[in-house]
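# what would the 3D arrangement of this be:
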Amino acid sequence: MPRKLYIETFGCQMNEYDSDKMRDVLKASHGMEVTDDPEKADVLLLNTCSIREKAQEKVFSQLGRWRPIKAKRPGVVIGVGGCVASQEGKNLQARASFVDIVFGPQTLHRLPGLLDDVLRDNHPVIDISFPAIEKFDALPEPRAEGPKAFVSAIEGCSKRCTFCVVPYTRGKEVSRPLNDVVAEVAALAGQGVREINLLGQNVNAYRGTTADGRHADFSRLLQHVAAIEGIDRLRFTTSHPIQFYDRLIEAYAGTPQLVDYLHLPVQSGSDRILARMNRGHTRERYLQIIRKLRDVRPHISISSDFIIGFPGETDEDFEETMALIETVGFDQSFSFIYSPRPGTPASEMKDDVPLAVKKERLKRLQAHINKMAAYISKSMVNTVQTVLVEGLSKKNSLQLCGRTENNRVVNFTAHPKLIGHFVDVTITDALPNSLRGHLIDGSVDRLFENLPKQHTA
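Below is the predicted model:
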């Protein structure tokens, strides 16, 4: 009977991508099968995030829940990977002595060997080195699970924002060769993937080596990926304003596969705070990018990241952030109260904004952006949206769900054979977290000549 593997993932899309690769390498090396029940697992892996303080503490809370499993079945192997593992190293095993494997984001491909070492020698192992691009050379062939897929284009970060731990946990920026990224996307397209999301801590910093030894920037990578047959929708995350060059904006004008949605973190609307964060851009530079984008894509939706209560943030600084939000009209945000991360330059700054003030500012910011997002959703009612059908609706098995270009979930009644295809849907209702729609009559004729009539709810 094959061993069972359970993986718990915290954090960003990069971690989701890495968790998928952990499953792939252990399937290829040990024939391991995934289980959704940790009690039945022979190997328990925790893929971690250290961006936020609470996320890091969640790691040890989760390990505490797994400890009784290990006590009951000592042969169970527990591993911790990701950014917390990279940051904590031996300290992690000192705090949780029952952890068998500690590995970093760049060494997940070595999991089979690390697992063999534990099973053979019955002692804990650690590998949190940074072997650059070696990880991708050692991974199995990409495997599609549905019509969407993540593909990593660049690893690490070299920006050195004062609040961020990523350069210390994932290393400096290292781009994959252009042909390697294109080959992975092409393999996924051959398995039915229709939408690709290119990943990187700063994905638009991409400079991949070409076959002739030159370097391709991110706009060129986008052109190559968009040209792959079957890839009809293209996203990327996360980008940085510093390297959002005009060539990338021009790609939006000439690449229809690029969606009308962009996640572009700004963190603050105050130039003074941006300087303290070492972001390398100003408020006006950010607004200039948005203006140029909307010149070529008038309806593009913009989401962003915000850190609230950064050391030294005054009421005036926060009001500048709120004014920026009003000017841009953000569609979504990932916004958090500042918490110092060990080893970062900001952790040496005086954390002088009271917690109550941070919470109140965060509440105001999120309420305003939620109001904007609701307005955008309501404006979509009675419009026709192209939706990539992802699967059955979570709330109604007689309905399907998919996403619009601007990342809205749409639920509608239709035949399951549409899963994995693009369809046109008229939006009928805007709900707080999703949209409802109606499949346009005749819109599937180009897909299936003999498709049975759609179900009725």
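# which helices and strands sit right next to the helix or strand containing residue 80?
Here residue 80 sits within strand 77-81, counting by DSSP states H and E. In terms of contacts (3 or more C-beta pairs under 8 Å, 6 or more residues apart in numbering; DSSP states H and E), strand 77-81 is packed against strand 43-48, helix 53-72, strand 101-103, helix 111-121. For glycine as for every other residue, the C-beta is placed from the backbone atoms N, C-alpha and C.
# check the ones you listed for me: which has the lowest mean pLDDT.
Mean pLDDT per stretch puts helix 53-72 lowest among the helices and strands packed on strand 77-81, at a mean of 87.
# now for it, which elements pack on it?
Contacts defined by 3+ C-beta pairs under 8 Å, 6+ apart place helix 53-72 against strand 43-48, strand 77-81.
# of all those strands, which one is nearest residue 397?
strand 43-48 (30.0 Å; C-beta to C-beta).
# could you export that closest one as CSV, CA atoms only?
The C-alpha atoms that make up strand 43-48 are tabulated as CSV, following Å, rounded to 0.1, in the frame of the first residue of the first chain:
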residue,chain,number,x,y,z
VAL,A,43,4.2,12.1,6.0
LEU,A,44,3.0,15.5,7.2
LEU,A,45,4.4,18.5,5.5
LEU,A,46,3.8,22.1,6.5
ASN,A,47,4.7,24.7,3.9
THR,A,48,5.1,28.0,5.7
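# relative to strand 77-81, how tilted is it?
20 degrees (axes from the mean of the first three to the mean of the last three C-alpha atoms, to 10 degrees).
# all the helices of this structure, residue numbers only.
Shown for the chain, the helices assigned by DSSP state H span residues 13-30, 53-72, 82-88, 90-95, 111-121, 134-138, 166-169, 178-189, 218-226, 246-254, 271-276, 283-296, 315-328, 355-379.
# right, so the ones you listed: which one is the most enclosed?
Among the helices of the chain, helix 82-88 has the highest mean neighbour count (mean count of other C-beta atoms under 10 Å), at a mean of 26.
# and that helix, what does it pack against?
strand 43-48, helix 90-95, strand 101-103, helix 166-169.
# packing partners for the second one?
Counting contacts by 3+ C-beta pairs under 8 Å, 6+ apart, helix 90-95 packs against helix 82-88, strand 101-103.
# distance from the chain centre to the first one, please.
Centre-to-centre, helix 82-88 and its host chain are 18 Å apart (C-alpha atoms, centre = their mean, to the nearest Å).
# same question, stretch 58-69
Using C-alpha atoms, centre = their mean, the offset of stretch 58-69 from its chain centre is 24 Å.
# also stretch 135-155?
So, by C-alpha atoms, centre = their mean, the centroid of stretch 135-155 is 13 Å from its chain's centroid.
# distance between the ends of it?
End-to-end distance of stretch 135-155 (C-alpha to C-alpha, to the nearest Å): 10 Å.
# for residue 421, give its distance to residue 226.
Noted for residue 421: a distance of 19 Å to residue 226, by C-beta to C-beta, to the nearest Å.
# show me the shaky parts of the stretch 151-300 of the chain.
Within the stretch 151-300 of the chain, no range satisfies pLDDT under 70.
# contact partners for the residue nearest to residue 229 when sequence neighbours are not counted?
Spatial nearest neighbour of residue 229, chain neighbours left out: residue 189 (6.6 Å); criterion: C-beta to C-beta, 6 or more residues apart in numbering. Applying C-beta atoms under 8 Å, 6 or more residues apart in numbering to residue 189 gives the contacts 228-231.
# could you do residue 42 as well?
Applying C-beta under 8 Å, 6+ apart, the residues near residue 42 are 3-5, 32, 75-77.
# if we use 7 Å, what do you get?
Contacts for residue 42 (C-beta atoms under 7 Å, 6 or more residues apart in numbering) come out as 3-4, 76-77.
# closest to residue 165 among those?
Nearest to residue 165 among those, with distances taken as C-beta to C-beta, is residue 77, at 26.9 Å.
# who does the closest one bridge with?
residue 43 (DSSP bridges).
# that one and residue 48, how far apart?
For residue 77 relative to residue 48 (C-beta to C-beta), the value is 17 Å.
# these two: which is more packed in?
residue 48 (29 against 20; other C-beta atoms under 10 Å).
# correct me, but that one touches residue 87?
No: using C-beta atoms under 7 Å, residue 48 is not in contact with residue 87; the gap is 8.9 Å.
# who is the residue lying closest to residue 153 once chain neighbours are set aside paired with across the strands?
Leaving aside its sequence neighbours, residue 153 sits nearest to residue 198 (C-beta to C-beta, 6+ apart; 4.8 Å). Residue 198 has the following beta-bridge partners by DSSP bridges: residue 151, residue 236.
# what does the one 10 residues further on give?
Listed by DSSP bridges, the beta-bridge partners for residue 208 are residue 216.
# ditto for residue 424
The partner residues for residue 424, given DSSP bridges, come to residue 386.
# return the distance of the closest residue in space to residue 232 that isn't next to it in sequence relative to residue 297.
In this structure, residue 232 finds its nearest non-sequential neighbour in residue 194, 5.3 Å apart by C-beta to C-beta, 6+ apart. Here the criterion is C-beta to C-beta. By it, residue 194 lies 21 Å from residue 297.
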